[in-house]
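sharing a model prediction with you, sequence too.
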Amino acid sequence: MLEIQNLLLSLNGKPIINDLSLHVNESEIHGVLGKNGTGKTTLAYLIMGVGNYIPSAGKMIYEGEDITGLSVSQRAKKGISLAWQEPARIEGLSVRDYLVLSSKSRGVNHVEDYLSVVGLEPAQYLDRDIDNTLSGGERKRIEMASILAMRPKLAILDEPDSGIDILALPSLLNAIEEMNQQGSSVLLITHNEKVVEIAHRVSVMCAGRILKTGEPGQMNLWFKENCQPCAHVNEPEKEGNKR
Amino acid sequence: MINYSIEKEYEGVVDAYQKAGGDRSALLGEGTARLVVHENKVLGQNGVAGIKIETRETETGVNVNLLIEKGAKIPHPVHLCFGVLPQEGLQEIIMKVNARDNSEVSVVAHCIFPNAVKVIHKMDADIEIGENARFDYKETHYHGEYGGIEVIPRAKVKVGKRGVYQSSLTISQGRVGKLDYDFEVFCQEEAVAELVVKAYGKGVDDIKVWEKIHLDGAGARGLAKSRLVLGDKAKAEVKGETYGNAPYARGHVDCIELVNGTEAVAIAIPTVSVTNDKAKVTHEAAIGSIDKKQVETLMARGLDESEAVDVIVKGILK
């Protein structure tokens, strides 16, 4: 579904995405696991086309088409969407209206259900605005609900668990699995090994590149042995080198 | 000048009122208090128990006395409609409001000037809110697309002990034209005042907003809030002033102006002053372009950039 080939992005002369290649299959949950600062969010932004990031080399092929030069809207209309790590607050936009506009292309009327899936009581939230009166965790869950409502072909979830309290984590994971069962492929970006356990495949990321891809159990183990003790994040000497 | 029969005139105003977002039935039924004024003519007037509306037509407008009786709790909003339908005209409204002690009322006003090419609408209000009384006033304007209108609202408001005065003015449909808004509120002990102005300036619209709140009684609270969005060559200057003159008075000035484009101009001048060491007033003023992350958030849901900006602007002005 998504084929990223040799992507390169440098900011202020420093490579942030460094010859990154990644393949996401249709209907899979693909985890990207990496410590903070390895370029995971930048990768999400590049795929969605946000943040004014323009790769200096490489291609992003989505459903056979090079989307590298497309706008955010064009990518969204082709079925790609992003749940932000820190979602924007928009004064005066109600949760209901946000979910309705997210589901516009599908003509969904009953947006309440999506709030329930992420563990929020619809009656308490639908008429609230997605502004500063919501906590970070509430806003994150509403972001997930909006992705559920949109039902994209490819959902990019950037650190969906950050800011979520531990009791709410199961409903969040449930929402991701439901999203996948509804037909969305999911690119699940996180630094949390627990979260990637629901993925079908996991890629470990460091220094703006994918080091290794495989089955979640194996990748979690590899991450624990190689990346967690690593004191030199973003400077891997060579693949699998324990430092 | 076009000659209208009273009935046709009333019908025309009601139609325009509906187009501007008003509830047509509110100007036609008997159950709600209402006043409909076109140019300097009172076309319709209805009081309900607890409210007295007195009017006097003048050469250039109408003098209005609105009295809410002591202890009266008015269950339905009072509807006011002021308009000038021809392309040219002058309308001066002089309004006296007296919300007596322990009364409660909500007023919904629509000011409609859909064809304005050279119209002036002035309002001069003297408003007195009694002890424990509550007066909510929401005014929405529709000025048409030409921008040939000058709106000059002025008000002096006194809010008695534990009284509540909330006022909002919204001009988000069509052009603003020229707006010169000047409201000043004086709050006694534990009184609450909230002034809100929201406007979307386009073309060469010229917006001046001056909100002043004096917190003169202990425990009084005030909020001077403005939300302006400016496009094209529109310009705006907002002065928000709050004066904490009594112990435990709390005030806040909150101004956001969004500039969409390179030729619009926004100025914000917040003033906060304290003359009592137990009072506290704060301010925040932000001027900037429309937040790119907000736009991209909505674009990532499939909206085009212009649609996303529209959603954000509507939210700010909601």
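Arrived safely. Numbering: from 1, shown residues only, chains lettered A, B, ... in the order given.

show me what contacts residue 196?
With no chain named, the answer covers chain A. Neighbouring residues of A:Val196 by CB atoms under 8 Å, 6 or more residues apart in numbering or on different chains: A:31, A:33, A:188, A:190, A:202, A:216, A:219-220. To be clear about C-beta, it is placed using only N, CA and C from the backbone, and glycine gets the same treatment.

was after chain B, sorry
Contact analysis of B:Val196 by CB under 8 Å, 6+ apart lists B:166-169, B:223, B:225-227.

repeat that with 6 Å
For B:Val196, the contacting residues are B:168, B:225, by CB atoms under 6 Å, 6 or more residues apart in numbering or on different chains.

pLDDT wise, what is it at?
On pLDDT, B:Val196 comes in at 97.

partner strands of the one helix or strand it maps to and their direction?
Secondary structure assignment for B:Val196, by DSSP states H and E: strand B:192-201. Partner strands and pairing direction for strand B:192-201 (DSSP bridges) are strand B:164-173 (parallel), strand B:221-231 (parallel).

hey, C-alpha coordinates of the first one in PDB?
Below are the C-alpha coordinates for strand B:164-173, written out as PDB (Å, rounded to 0.1, in the frame of the first residue of the first chain):
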ATOM      1  CA  VAL B 164     -24.800  40.300  35.900                       C
ATOM      2  CA  TYR B 165     -24.400  42.000  32.500                       C
ATOM      3  CA  GLN B 166     -23.300  40.100  29.400                       C
ATOM      4  CA  SER B 167     -23.200  41.600  26.000                       C
ATOM      5  CA  SER B 168     -22.000  40.300  22.700                       C
ATOM      6  CA  LEU B 169     -21.900  41.900  19.300                       C
ATOM      7  CA  THR B 170     -21.200  39.700  16.200                       C
ATOM      8  CA  ILE B 171     -20.700  40.800  12.600                       C
ATOM      9  CA  SER B 172     -19.500  37.700  10.800                       C
ATOM     10  CA  GLN B 173     -21.800  37.600   7.700                       C
END
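
hang on, A:Leu167 in a helix?
Yes. Judged by DSSP: H, G, I helix; E, B strand; the rest coil, A:Leu167 forms part of a helix.

do you know the pLDDT at it?
Reading off the model, A:Leu167 has pLDDT 83.

likewise A:Asn234?
Note for A:Asn234: predicted pLDDT of 63.

and for A:Ser185?
In this model, A:Ser185 is scored at 97, pLDDT.

so what touches the helix or strand where B:Leu80 lies?
Assessed by DSSP H and E, B:Leu80 sits inside strand B:78-83. Contacts with strand B:78-83, where a contact means CB under 6 Å, 6+ apart, come from B:13, B:17, B:26, B:33-38, B:107-112.

which one of those is nearest chain A?
Among the contacts of strand B:78-83, B:Val108 lies closest to chain A (CB to the nearest CB), at 19.3 Å.

for residue 38, list the residues it contacts.
Reading this off chain A. Contacts for A:Thr38 (CB under 6 Å, 6+ apart) come out as A:205-206.

switch to chain B, that's the one I care about
For B:His38, the contact set (CB under 6 Å, 6+ apart) comprises B:9, B:13, B:83.

next, the buried residues of the helix or strand bottoming out on mean pLDDT in chain B.
Scoring the helices and strands of chain B by mean pLDDT, DSSP states H and E places helix B:6-19 at the bottom, with a mean of 78. Using 16 or more other CB atoms under 10 Å in any protein chain shown as the test for burial, helix B:6-19 gives B:9-10, B:12-14, B:16-18.

make TSV from those and add distance to chain A to it.
Converted to TSV, those look like this (distance: CB to the nearest CB, whole Å):
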residue	distance to chain A
B:Glu9	36
B:Tyr10	34
B:Gly12	32
B:Val13	29
B:Val14	29
B:Ala16	26
B:Tyr17	24
B:Gln18	23
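
and the furthest pair within those residues?
B:Glu9 and B:Gln18 (15.2 Å; CB to CB).

can you count the residues close to the residue of the stretch 51-200 of chain B found nearest chain A?
Nearest residue of the stretch 51-200 of chain B to chain A: B:Lys198, at 9.5 Å (CB to the nearest CB). By the criterion of other CB atoms under 10 Å in any protein chain shown, B:Lys198 has 21 neighbours.

measure it to B:Gln188 for me?
From B:Lys198 across to B:Gln188, the span is 27 Å (CB to CB, to the nearest Å).

repeat that for A:Tyr98.
To B:Gln188, A:Tyr98 is 41 Å away according to CB to CB.

which SSE is the residue of chain A at minimum distance from chain B in?
At 2.9 Å from chain B, A:Gly92 is the closest residue in chain A, using CB to the nearest CB. Under the criterion of DSSP H and E, A:Gly92 resides outside all helices and strands.
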